[in-house]
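Student: Quick one: sequence plus predicted model below, questions after.
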Amino acid sequence: MLRGILNKVSAGYGDVSIFNRLSAEIPLGARIAIVGPNGAGKTTLLSILAGERDPSSGGVDWVGRTPSISYYKQEAETEEPVDWSQAGLLQNRSQWHVPKGAEYAHASGGERVKMRLTATLAENREVLLLDEPTNHLDASSVELLIQTIQEREGTLLFVSHDRYFIDRLANLIFEIENGKLTVYEGNYTDYRKQKDHARFIQQKHYEEQQQYITEIEGQIEQLDQWSEKGHAESAKKGGRAMGAKEYYRKKVKKRNVQIRSKRTRLEAELEKGRIEAPEAETSVSFELEGLRKKGKRVLELKDAGKAFSDRQLFHHAAFTVQSGERLALFGPNGSGKTTLFRMLLGETDFEGEVWLSEGLTVGYLRQTAFDLPDEQTMAEYFYSPSYEEQGFLRIQLTNLGFSTSQWQLSLGALSQGERLKVKLLDFIRKKTDVLLLDEPTNHLDLSSREELERTLETYPGTLLFASHDRYFTERLADGLLLFEKGTVRKVPYSLVEWESRQSSPAVPSSEQEKLWIETQLQEVLGKLSLLTPRNPEYSKLDQRFFELSRQLRELES
């Protein structure tokens, strides 16, 4: 039976360890989602599985023979050579609605992903490795990808931060966190339930052991006090009666034996089964500053348009953006969202007029972070002669989830998610007035996505962003730049939300309720893990947990 074994696989950059001695079985035909925080080594593990990188130690063993492997990478600036004259490839490409004459160099992020996915899936090999395959894809394309993968045979290992995508495909979860690998059965929802439950149990056992340690140490302290008192009494009373001194000495000796016995027993028990407090899940904190001048124009387009050769993206676009507005660019892949950002930055020519307020600072977070100097370290990239600014930057580096050792790591050695965080740190120190974010959540892990949402909610500057993440858009947008019918128009968010519901199947209310209950369960478990049974809030939360669990069982039955 063709299956794989991760045999104590380790990897690192120089003296920095990424992960250490990972071991797990890859069953035949399994669909495995690899999850974990940015920089945990998810892409590194895929690269090792693909044979493109050697591990520091250990290896990947295939039982029977080495299978054929296809590897879809996160990002590629250039397209791998593909013979598009093959009828099958052209048919698959048209299925993704990629324009027939589209060239990779001028294609949108979504179109590039579709072109590369088409070529990778057409190889039809025994093991498929996918690194963030849903990045830049709109909802219909994600559904098509899910359907395509479900219909194919073979083993799948993929990295994704898309909860919906993982839930639809995965039957095993490989979690890499703090340099270790843990295997969970089921999809993402199952994994979160198992992990939260395990953390809850560990926290409970940890608190019980701490209480036991406190009790034993209290008994030892009391025996110590009795022993000291016995010594004093033996010295004081020993001379009054024959044998009294010896009597008190024996009494003290007996208590000293009890003390040593209790200490030895406690140490033996802790050595055999010490329970550590659950490690806090990786989280990050972004801090952005920006100027908010309400009622002032930030930018304006008049009769603006853009075309590539004979392909018109949009024309006659006319709208104004006020300071402090939060606008989501809304439209299918290839409609010109990234191109509009490049027009605002003056990176491409265009028709009509584009005006930006004088003296405005603009930060652009590209879909990929290829615009960083790979050979520089973060220390070099963020160098400042000011001691105060250096201290500020190092604090923010820690807040963004980086370790001190990574400060000397070259930018080229960072994951895509970490590179995007470096760009965000650049915006932090420059106190940017306007942020242009092109698919900002694509390479961020789930905790980073949620933290970014919370931060951008308080960002006082102007925000324009393109995202296929519906949760992200609903939480942040108060209006949209709608790309449709060959132009771009500015509309209230509520209008487009209504229109999108008319053109796509609504999520069943039962599914929405299920998602809400699962979210509440996670929140309750998180709070329970921080309390002891003696806390007055514990019983209320415990009752809430069982009530939510009952509701979830009824929905699933």
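Tutor: Sure thing, it's come through.
Student: rest of the way, CA atoms for contacts and neighbours
Tutor: OK.
Student: so where is the stretch 151-300 of the chain shaky, pLDDT-wise?
Tutor: Within the stretch 151-300 of the chain, the set of residues satisfying pLDDT under 70 comprises 223-255, 259, 262, 266, 269-270, 272-273, 277-295.
Student: Please repeat the previous calculation with a cut-off of 90.
Tutor: By pLDDT under 90, the low-scoring segments of the stretch 151-300 of the chain are 151-152, 160-168, 177-179, 188-298.
Student: what about the strands in it?
Tutor: Remark: strands assigned in the stretch 151-300 of the chain by DSSP state E, counting those that start in this stretch are 155-159, 172-177, 180-185, 297-308.
Student: Any idea which of those strands gets closest to Asn333?
Tutor: Among the strands of the stretch 151-300 of the chain, the nearest to Asn333 by Cα to Cα is strand 297-308 (15.4 Å).
Student: Just put the strands of the stretch 151-300 of the chain in CSV and tack on mean neighbour count.
Tutor: Shown next, in CSV, are those (neighbours: other Cα atoms under 10 Å):
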stretch, mean neighbour count
strand 155-159, 24
strand 172-177, 22
strand 180-185, 16
strand 297-308, 18
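Student: who's in contact with Ser3?
Tutor: Careful, residue 3 is Arg and not Ser. For Arg3, the contact set (Cα atoms under 8 Å, 6 or more residues apart in numbering) comprises 25-28, 62-64.
Student: one step back: the strands of the stretch 151-300 of the chain: which one's closest to Lys431?
Tutor: Of those, nearest to Lys431 by Cα to Cα is strand 297-308, at 16.0 Å.
Student: show me where the stretch 1-150 of the chain has strands.
Tutor: 3-13, 16-26, 31-35, 57-63, 69-72, 127-131.
Student: Packing partners of the fifth one?
Tutor: Helices and strands touching strand 69-72, by 3 or more Cα pairs under 8 Å, 6 or more residues apart in numbering; DSSP states H and E, are helix 109-122, strand 127-131.
Student: go again using 10 Å as the cut-off
Tutor: helix 42-49, helix 109-122, strand 127-131, strand 155-159 (3 or more Cα pairs under 10 Å, 6 or more residues apart in numbering; DSSP states H and E).
Student: can you dump the C-alpha coordinates of it into CSV?
Tutor: C-alpha atoms of strand 69-72 as CSV (Å, rounded to 0.1, in the frame of the first residue of the first chain):
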residue,chain,number,x,y,z
ILE,A,69,4.1,14.4,-7.1
SER,A,70,2.6,17.7,-8.2
TYR,A,71,3.4,20.8,-6.2
TYR,A,72,1.4,24.1,-6.5
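Student: That strand - what's its average pLDDT?
Tutor: Across strand 69-72, the average pLDDT comes to 93.
Student: that older thread, out of the contacts of Arg3, grab the one that's most surrounded.
Tutor: Ile26 (22 neighbours; other Cα atoms under 10 Å).
Student: Relative to Arg550, which of the strands of the stretch 151-300 of the chain is closest?
Tutor: Set against Arg550 and scored by Cα to Cα, those come closest in strand 180-185, at 22.3 Å.
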